[in-house]
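[1] Sequence and predicted model, in that order:
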Amino acid sequence: MRVLFDGGLLEHVPPKRSAKVLTMLLRALVECNLDYLEHNPNTPHPYKAGIKYTREKNTEQWKSIPKILKDGGGDCEDLAAYLAAYLVFKKVRPVGLIVRWATTPKGGRLFHILVKGPKGAEDPSKKLGMGKEAAS
């Protein structure tokens, strides 16, 4: 089943409000991933799953763990939600999500998602190849 959320709201409100909406949606994705992990407890840590960061082109598709594993990777929100759920499942605390915004030269907005763990902010996208995908 595919669910399409028209994110136009995120483009027409201030970044702080957009971050609030994104955080709510990210929490839902983390909950879906937690459910998956409860039924598939031997799922590997994302850094040991053989996946990589993959940039999306002209779309924003949010993936849960089984889709990430099937596709061989995901982008920032996919990988952050996977890592956050994995840490919660393994009872590593505290865990949170960080939304970072950037403004494009044309005035658009881009977001990037990090995981806040016990050792501070962690960027699973960077650890899984973001910035290196053009070289491969």
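    Sure thing, it's come through.

[2] and Lys20, how many residues sit next to it?
    12 (other Cβ atoms under 10 Å). Placement of C-beta: from N, CA and C, glycine included.

[3] Let me know the average pLDDT across the host helix or strand of it.
    Counting by DSSP states H and E, the element that carries Lys20 is helix 15-39. Averaging pLDDT along helix 15-39 gives 91.

[4] middle-most residue in the protein, spatially?
    Nearest residue to the geometric centre of the chain (Cα atoms, centre = their mean): Glu77, 1.8 Å.

[5] how far does the helix or strand just after the helix holding Lys20 sit from the chain's center?
    Toward the C-terminus, helix 15-39 is succeeded by strand 52-53 as the next helix or strand (DSSP H and E). For strand 52-53, the separation from the chain centroid amounts to 11 Å (computed by Cα atoms, centre = their mean, to the nearest Å).

[6] Okay, now the unreliable bits of the protein?
    Residues of the chain meeting the criterion pLDDT under 70: 1, 4-11, 133-136.

[7] measure Ile113 to His39 for me?
    For Ile113, the distance to His39 (Cβ to Cβ, to the nearest Å) stands at 24 Å.

[8] Who has more neighbours out of these two?
    Using other Cβ under 10 Å as the criterion, Ile113 and His39 rank with Ile113 on top: 24 against 8.

[9] ok, Leu29 - contacts?
    Leu29 sits next to Trp62, Ser64, Glu77, Asp78, Ala81 when contact means Cβ atoms under 8 Å, 6 or more residues apart in numbering.

[10] For Ala49, state which of these is nearest.
    Ranking the contacts of Leu29 by separation from Ala49, with Cβ to Cβ as the measure, puts Asp78 on top at 11.9 Å.

[11] So which residues make contact with whichever helix or strand that closest one is part of?
    With the criterion set as DSSP H and E, the secondary-structure element containing Asp78 is helix 76-89. For helix 76-89, the surrounding residues in contact (Cβ under 8 Å, 6+ apart) are 22, 26, 29-31, 33-34, 36-38, 41, 43, 45-46, 51, 53, 62-65, 67-68, 73-74, 93, 95-97, 111-115, 117, 122, 124-125, 128, 130.
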